[in-house]
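> could you look at this predicted model? Sequence included:
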Amino acid sequence: MSYGATFPLWREAAGDAWRDYTRHAFVEGLRDGTLPRGAFLRYLVQDYVFLVHFSRAWALAVTKAETLDEMRACAATVHALLDDEMRLHVRTCAAEGIAEADLFAAREAPQNIAYTRYVLDAGHSGDFLDLLAALAPCVLGYGEIGARLAADSHDTPYADWIATYAGEDYQHTCREVGALIDAAVERRLGPERAGSPRWPRLCARFETATRLEADFWGMGLTG
Ligand SMILES: Cc1ncc(CN)c(N)n1
C-alpha cells in the first residue's frame, strides 16, 4: 500500500520502527487468531478513548488548514473516525457486555496518553504539516495492516476487526489522507520536498508516532 508519494518516503525514513509497528506480535495474533481475548478487549477499550482524542486532533487540523479542500478532507476524517470506525469498538464491546458510556469513561493507559497528547502537541506547537506527519502512521498503518491481514489471515475470531480496516470505507479514507498529505506537502515545501530544511523534522515526527503505535500494541498485550 503506498497511499500517495509522501507516505512511502516517511515510512522508509522510519526504518525498523515501521516494521516493529505493523508486524508487532499483537498484529500477528490478530492474523492467526492466537491473540488472547482479554488482550484484545483491553486494547479495544483503550482504542475507543484513543479515537476520541484522535478525532480532536483531526478537528485541530481543520483549524490549521490553509484551503477549503484541506478543511474538507480533515473534516471528512473526523466523520470517518467518529461515525464509522468507532462503531466497531461499540458493537464488539457491547457483545462483551461493555456499554459505550463505560468506554467513554475508561481510565486512559499511560501509552494512550503519551501517544494522543504527542499528536495533539505536534498540532498545537507546529503547523499543519507537523500535525499530518504525526497523524499519518495511525491512519495509513492500519490501512496497510488491514489489507495485509485480509489477504493473509487464517480462521481468526478477529475477522470483524480485519474487515473494518481492509474494507472499502477505511481504505478510501487512507487514499484521501494520502492525497491530502501529498498536496499539503507540495503546497508548503514545493516539489523538492525531501530537500526542504523542514523534511528531517517531519520524518522525525512520523517516526516518533510510529514508535508510539508499537507501544500501544504492547499495552494491549501486557497491560
Ligand atoms: C492506536 C491506533 N492507531 C490507529 C488506528 C486507526 N485509526 C487506531 N484505531 N488505533
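Everything's here; your move. Numbers count the residues shown, from 1 in each chain.
> let me see the contact set for residue 84.
Contacts for residue 84 (CB atoms under 8 Å, 6 or more residues apart in numbering) come out as 169-170. To be clear about C-beta, it is placed using only N, CA and C from the backbone, and glycine gets the same treatment.
> gap between it and residue 111?
Counting by CB to CB, to the nearest Å, the gap between residue 84 and residue 111 amounts to 24 Å.
> same question, residue 157
Residue 157 sits at a distance of 24 Å from residue 111 (criterion: CB to CB).
> report how many residues lie close to residue 187.
Other residues lying near residue 187 total 13 when counted by other CB atoms under 10 Å.
> how close does it get to residue 166?
In this structure, residue 187 and residue 166 are separated by 31 Å, where distance is defined by CB to CB.
> do the same with residue 99
Applying CB to CB, one obtains 28 Å for the distance of residue 99 from residue 166.
> those two: which has the busier surroundings?
Each of residue 99 and residue 166 had its neighbours counted (other CB under 10 Å), and the higher figure belongs to residue 166 (20 against 11).
> need the pLDDT of the more buried one.
The predicted local confidence for residue 166 comes out at a pLDDT of 97.
> residues touching the closest residue to it other than its chain neighbours, list them.
Setting aside the residues directly before and after it, residue 166 is nearest to residue 150 in space (CB to CB, 6 or more residues apart in numbering), at 3.4 Å. The neighbourhood of residue 150, defined by CB under 8 Å, 6+ apart, consists of 162-163, 166.
> do that again at 10 Å, thanks
31, 159, 162-163, 165-167, 171 (CB atoms under 10 Å, 6 or more residues apart in numbering).
> for this structure, what lies in contact range of the ligand?
For the chain, the residues found near the ligand under the criterion CB under 6 Å from any ligand atom are 47, 50-51, 85, 138-139, 142, 213, 216.
> need the residue closest to the centroid of the chain.
Nearest to the mean C-alpha position of the chain, counting by CA atoms, centre = their mean, stands residue 138 at 1.6 Å.
> what is the mean pLDDT for the helix or strand where it lies?
In this structure, residue 138 sits in helix 128-152 according to DSSP states H and E. When the per-residue pLDDT values of helix 128-152 are averaged, the result is 97.
> quick check: buried residues in it?
Judged by neighbour count (16 or more other CB atoms under 10 Å), helix 128-152 contains these buried residues: 128-150.
> likewise for stretch 4-11?
So stretch 4-11, judged by 16+ other CB under 10 Å, has buried residues 4, 6-7, 9-11.
> with stretch 160-173 instead?
Along stretch 160-173, these residues count as buried under the neighbour rule (16+ other CB under 10 Å): 161-162, 164-166, 170-171, 173.
> what lies in contact with the helix or strand hosting residue 77?
When secondary structure is defined by DSSP H and E, residue 77 falls within helix 68-80. The set of residues external to helix 68-80 that reach it, using CB under 10 Å, 6+ apart, is 54-65, 67, 85-86, 128, 131-132, 135, 139, 169-170, 172-174, 176-177, 179-181, 183-184, 187.
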